[in-house]
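Undergrad: structure for this input, please:
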Amino acid sequence: MSVSRLARAALRRDRRARRVTIIGAGIGGLTLAIELRRQGIEVEVFEATTDPRERGAAVVLPANATRILSERLHLDPGLGEASARIEGLSWRDGHTGVSIGRALSAEAYAARCGASAYGIHHGDLHTLLAETFGDDGLHLGQRLVKVTDAGGPAVLEFSGGGSTEADLVIGADGGRSMLREAVVGYDDAQFSGCVAWHGIVPRSQATLLPHPSRMQVWMGADGHLMHHPVGADDLAFLLVRRHPGPWTPDAWVQPADHDEHVHAYAGWHPAVVQLISEAPCSDRLALFHRPPLSTWTHGRITLLGDAAHLAVPHHGQGAAQAIEDAIVLADCLAADDDWRRARRAYEVRRRDRARRVQIASLAAADVFHLPDGPRAEARNKRLKSLDAYERHLAWIHDLDAIGHPGP
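TA: I've put the predicted structure just below:
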């Protein structure tokens, strides 16, 4: 073997021996772990909770996510009975129920974006990813309490008294990320001015709902409801309403009684009221976002998903953007033995797109929450044209916007 080939082989062995530690076993963290291991890179995942599955929550997998799951992780986005294909997209007046604009069919969506969209229970998706990664290297109930990044391998200390060293630390620890503070210092999350409730009901109980197999957005003054099918027989919804004044509690999640949900939407279309009435009571969620960052990396720490670019959920892109982050970061680390340079490449490919999705998601509330009047009429006119979808929404769901990752 030539000297140059020996040197390249040594570099490859060195790269494979380096240790990546992911903090957070959510959807983004597990996607990254699966792909890094597939690329031959040693990886461990530490998760603060003993069960990171979100009970009673659903996830939208738009085309940009399903293409990655199927083409890169070789997971069937249909997932049998665990998920439901979303059979189109439409908008409605929240009070009258009148359809606003042209519905986008599932076939037109798939033709434009390269794949279908699906709704799935969060727990089912998380279980699938966790089983694909396996128990080896997955550490639950390990809350990070301290990270020391002082030139050598980073040292991570956990609440149970254990510790580990890592050559690279990925902060996939969510919107209230500890590792974000290690990268950029303390920065306040910003209250969006909206609160939300979410719920899941059997589709058989939503008897007044037209087209329950679609994703539909019901729009009205100061609020909206978005719903989509999930699993074999269920329907998930997110109810969003303006909240006057600042959000003062430290907790982003607050108890709420069922009557509060129903009262907030009294006078809306009977299908909306029925959907809310049939759902079990859920907590009230304050919707926060964080300003876009100029860097996601400091020392040996790099951020991913909500830790890097927390957004409000109005475009249903939270999971998808974390999945995009994960696959791009894995590609960059596998392609370049200089991991500093690899992480710069990751940010070049991801940071601007994630920023645009953050901004578009925040702006959506202003579009969805218009009262009756000239501005609402202008919005409705735009939605009658599929060209408007092309201009304003399709880029979000288009995986090619990040440069479609190779095999």
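Undergrad: got a list of what the closest residue to residue 65 other than its chain neighbours touches?
TA: Distances taken as Cβ to Cβ, 6 or more residues apart in numbering put residue 320 closest to residue 65, at 3.9 Å, once the chain neighbours are dropped. Just so you know, the C-beta spots here come from the backbone N, C-alpha and C atoms, and that holds for glycine as well. Residue 320 sits next to 60-62, 64-65 when contact means Cβ atoms under 8 Å, 6 or more residues apart in numbering.
Undergrad: highest neighbour count among those residues?
TA: Among those, residue 65 has the most neighbours (other Cβ atoms under 10 Å), with 29 neighbours.
Undergrad: which parts of the longest helix seen in the chain are buried?
TA: Longest helix in the chain, counting residues (DSSP state H): helix 339-368. Neighbour counts using 16 or more other Cβ atoms under 10 Å place 339, 342-343, 345-347, 349-351, 353-355, 357-358, 360-362, 364-365, 367-368 of helix 339-368 among the buried residues.
Undergrad: and the nearest residue to residue 194 once chain neighbours are set aside, how far is that from residue 249?
TA: Nearest non-adjacent residue to residue 194, counting by Cβ to Cβ, 6+ apart: residue 287, 4.7 Å away. Here residue 287 is placed at a distance of 14 Å from residue 249 (Cβ to Cβ, to the nearest Å).
Undergrad: who's more crowded, those two?
TA: Neighbours per residue (other Cβ under 10 Å) separate residue 287 from residue 249, with residue 287 holding more: 23 against 9.
Undergrad: helices along the chain, start to end?
TA: Under DSSP H, the chain gives helices at 3-17, 27-38, 63-71, 106-113, 122-133, 178-184, 258-264, 270-278, 306-309, 318-335, 339-368, 374-383, 386-392, 394-397.
Undergrad: which parts of the last one are buried?
TA: By neighbour count on 16+ other Cβ under 10 Å, the buried set for helix 394-397 is 394-397.
Undergrad: tell me what it is packed against?
TA: helix 63-71, helix 106-113, helix 339-368 (3 or more Cβ pairs under 8 Å, 6 or more residues apart in numbering; DSSP states H and E).
Undergrad: could the ones you listed go into JSON lines alongside mean pLDDT and distance to residue 200?
TA: Converted to JSON lines, those look like this (pLDDT from 0 to 100; distance: least, Cβ to Cβ, whole Å):
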{"stretch": "helix 63-71", "mean pLDDT": "92", "distance to residue 200": "20"}
{"stretch": "helix 106-113", "mean pLDDT": "90", "distance to residue 200": "21"}
{"stretch": "helix 339-368", "mean pLDDT": "95", "distance to residue 200": "21"}
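Undergrad: which one of the ones you listed lies nearest to residue 296?
TA: helix 339-368 (5.5 Å; Cβ to Cβ).
Undergrad: parallel or antiparallel, which strands does the longest strand seen in the chain pair with?
TA: In the chain, with assignment by DSSP state E, the single longest strand is strand 190-202. If you go by DSSP bridges, strand 190-202 pairs up with strand 234-242 (antiparallel), strand 284-289 (antiparallel).
Undergrad: most packed of the ones you listed?
TA: When you average the neighbours per residue for each of the strands paired with strand 190-202 (mean count of other Cβ atoms under 10 Å), strand 234-242 leads with a mean of 22.
Undergrad: tell me the angle of that one relative to helix 122-133?
TA: 110 degrees (axes from the mean of the first three to the mean of the last three Cα atoms, to 10 degrees).
Undergrad: what angle do helix 339-368 and strand 234-242 make with each other?
TA: Using the same axes, to 10 degrees: strand 234-242 against helix 339-368 is 80 degrees.
Undergrad: what angle do strand 234-242 and helix 270-278 make?
TA: 100 degrees.
Undergrad: pLDDT of strand 234-242, averaged?
TA: Strand 234-242 shows a mean pLDDT of 95.
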